[in-house]
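Q: Just a sequence and a predicted model for now, questions to come.
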Amino acid sequence: MQLSSGSVCQRARTRVVGAMTLALVLGSVTARAHAECVGDCHGGGEVSVDEVIVMVNIALGKEPLASCSVGDENGDGEITVGEVLTSVNNLLSGCPSGATPTPTTTMEHTVAPTSTPTPTPSPTQNGVLSVADAVARDADGAAVRLGQTVTTEGVVTVAAGIFANNKLKVFVQDGDAGIMVYHQSSAAVDAFQPGQRLRATGVIRQQDPTSDANPATGTLLIDVTQGSVSVVSDGNTLPDPRPVTLATLTATGTTYTGSLVRVEGVQKVSGDWPAAGSKSTQVQISDDGGATTNVLRFQRNTITQQLAQKLTAIGNGSFTLVGVVVQDDESADGKLLTDFEIWLRGANDIVGQ
C-alpha cells in the first residue's frame, strides 16, 4: 500500500479503523483456512491487540511489512483491510483450527525456512545469483530486484553481533559487491564470523525493516527472516578493501555500498571520539581538508577500550580508515544516491596514523 500524502493516509486510516470497529461490533468475520494465524506477528499462538495495531500501521505505510509478514495472508506484499479484519477476528475468536504459530528461528550454521517466501521469485531463484546482480539498482538508486526472493553467496566481512545485538546484521561480499544479510529476530547473533562463505535465500529489501518505513531507501539487504542462510565454507580470505576517496564515495557511493573500503589521510573535522562503553556515536571525517565530509559511525559493540585509546592518540591527526559503506538515507529530491556513511568494525579498522 503506497501512501504518500497526509490526505491519503487519513483516508486509509479512517477506512481501516472503521472496518476494525465494525468487526468488533459484529464479533465475527468469516475465517479462512490458514497455514499460519494471520496477525500472530510474534509467533505466540494467538493475536494480541498490539499485533493488530502493528497490522494497521503496516496498512497505513507507517511500518514495514517485515514487522508482521505473517499478516500478508495472500502474499501480495502488502497488508489489506481484509487481512486486518482477519487478524481482528483471530483476536476475538482465537486462531482458527489448524493454524500453527509462526516458528522462531535460532540462527546457528544453518537456518531452516520458517515459511515459503511469498514475493515474486527471481528468474534465477533455482541457482545462485551473484551479489552484484542481487544489489543492482536503477538510475534513481532503487533496487532492481526489490521484493524478489533470491539466493546469493558471499564472504562475511563483519561478524554477527557487531552492528546489532538482537538481530542478525552481517555483510557479505563477492568480488567488489557487498550486501547485508538480515534476520529480524535472531537469537544467536554470534552465528557467523568473518571468512565464512554464506549462502542466503531471502527477500531483497532496501532498508533496515525495523526502523525505516520507506521500502526503497538506502543499503540493500537480503532479508532471511522467512528464508534460510547456511555456511558453505570456512576460512576464506576476506576481500581487500577497495581504495576510495570521500569525494568519489559521495559521487558514486552506490557502487561501494555494502563493501569494504579503505580511505587514506582521514581526519576528524567535527564531533567527539567515543569513549569506551559509549552508545552508537558518529563523527564527521574528511580526507581533503574539509572540502568533502562523510559520517564515520561507531556502533555500540565496536567501542572498546582498545579503540578508544587509538582514537585518543589520533586526536585531530590523520589516519587510514577501513570500514563498510552504508547508505543511511535518501536525498532531499527523493533519489537514493546520497548520504553514505562508513561503519567501523573495530579497533583494527584504524590502520595507521
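A: Looks like it arrived, so ask away.
Q: quick check, Q306 in a strand?
A: No. Judged by DSSP: H, G, I helix; E, B strand; the rest coil, Q306 forms no part of a strand; its state is helix.
Q: so it makes contact with A313?
A: No. With contact defined as Cβ atoms under 8 Å, Q306 and A313 do not form a contacting pair (11.0 Å). (Each C-beta comes from the backbone N, C-alpha and C, glycine too.)
Q: burial count for D76?
A: Neighbourhood size, D76 [other Cβ atoms under 10 Å]: 12.
Q: again with S270
A: The burial count for S270: 11, using other Cβ under 10 Å.
Q: element containing the residue lying closest to it once chain neighbours are set aside, please.
A: Once flanking residues are discounted, S270 sits nearest to Q284: 4.3 Å by Cβ to Cβ, 6 or more residues apart in numbering. Here Q284, judged by DSSP states H and E, is contained in strand 281-286.
Q: ok so, going back, give me the beta-bridge partners of the residue nearest to S270?
A: Taking DSSP bridges as the rule, Q284 bridges to S270, V295.
Q: ok, it to Q309 distance?
A: 22 Å (Cβ to Cβ, to the nearest Å).
Q: Over to L91?
A: Remark: distance between L91 and Q309 (Cβ to Cβ) = 53 Å.
Q: between the two, who's got more neighbours?
A: Neighbour tally, L91 and Q309, criterion other Cβ under 10 Å: the higher count belongs to L91, 21 against 12.
Q: isn't that one right up against D50?
A: No. Contact status for L91 versus D50: not in contact, 10.2 Å apart, counting by Cβ under 8 Å.
Q: Show me the helices in the stretch 151-300 of the chain, by range?
A: 246-252 (DSSP state H, counting those that start in this stretch).
Q: Could you report the neighbour count for T219?
A: By other Cβ under 10 Å, 26 other residues sit near T219.
Q: wait, what's in contact with it?
A: 180, 206-208, 257-258, 326-328 (Cβ atoms under 8 Å, 6 or more residues apart in numbering).
Q: ok, it to S259 distance?
A: Distance of T219 to S259, computed by Cβ to Cβ: 11 Å.
Q: next one: S286
A: S286 is 21 Å from S259, by Cβ to Cβ.
Q: And the two? Which one has more around it.
A: The residue with more neighbours, out of S286 and S259, is S259; 25 against 20, by other Cβ under 10 Å.
Q: Quick check on E78: phi, psi?
A: Torsion angles at E78 (phi, psi; degrees, to the nearest 10) stand at phi -150, psi 170.
Q: from memory it sits against P64, does it?
A: No. With contacts counted by Cβ under 8 Å, E78 stays clear of P64, the gap being 10.7 Å.
Q: who touches both of the two?
A: Contacts common to E78 and P64, judged by Cβ under 8 Å, 6+ apart, are I58.
Q: Those two: which has the busier surroundings?
A: P64 (22 against 16).
Q: got a pLDDT number for that one?
A: pLDDT recorded at P64 is 75.
Q: now swap in P121 and tell me
A: At P121, the model reports a pLDDT of 41.
Q: same thing with T114?
A: 37.
Q: Please apply the same query to A308.
A: At A308, the model reports a pLDDT of 93.
Q: How many neighbouring residues does it have?
A: Neighbours around A308, by other Cβ under 10 Å: 18.
Q: wouldn't it be in contact with T281 here?
A: No. Using Cβ under 8 Å, A308 is not in contact with T281, being 10.5 Å away.
Q: Quick check: neighbours shared by those two?
A: 273-274.
Q: Quick check: beta-bridge partners of the closest residue to P243 other than its chain neighbours?
A: Nearest residue to P243 in three dimensions, chain neighbours excluded: R262, at 5.2 Å (Cβ to Cβ, 6+ apart). The partner list for R262 in beta bridges (DSSP bridges) reads P243, V322.
Q: Now do the same contact list for R262.
A: Counted by Cβ under 8 Å, 6+ apart, R262 has contacts 241-244, 320-322, 351.
Q: Spell out the residue ranges of the strands in this protein.
A: Applying DSSP state E to the chain gives strands spanning 149-158, 168-174, 177-183, 197-205, 221-233, 242-243, 260-270, 281-286, 294-298, 319-327, 340-343, 350-352.
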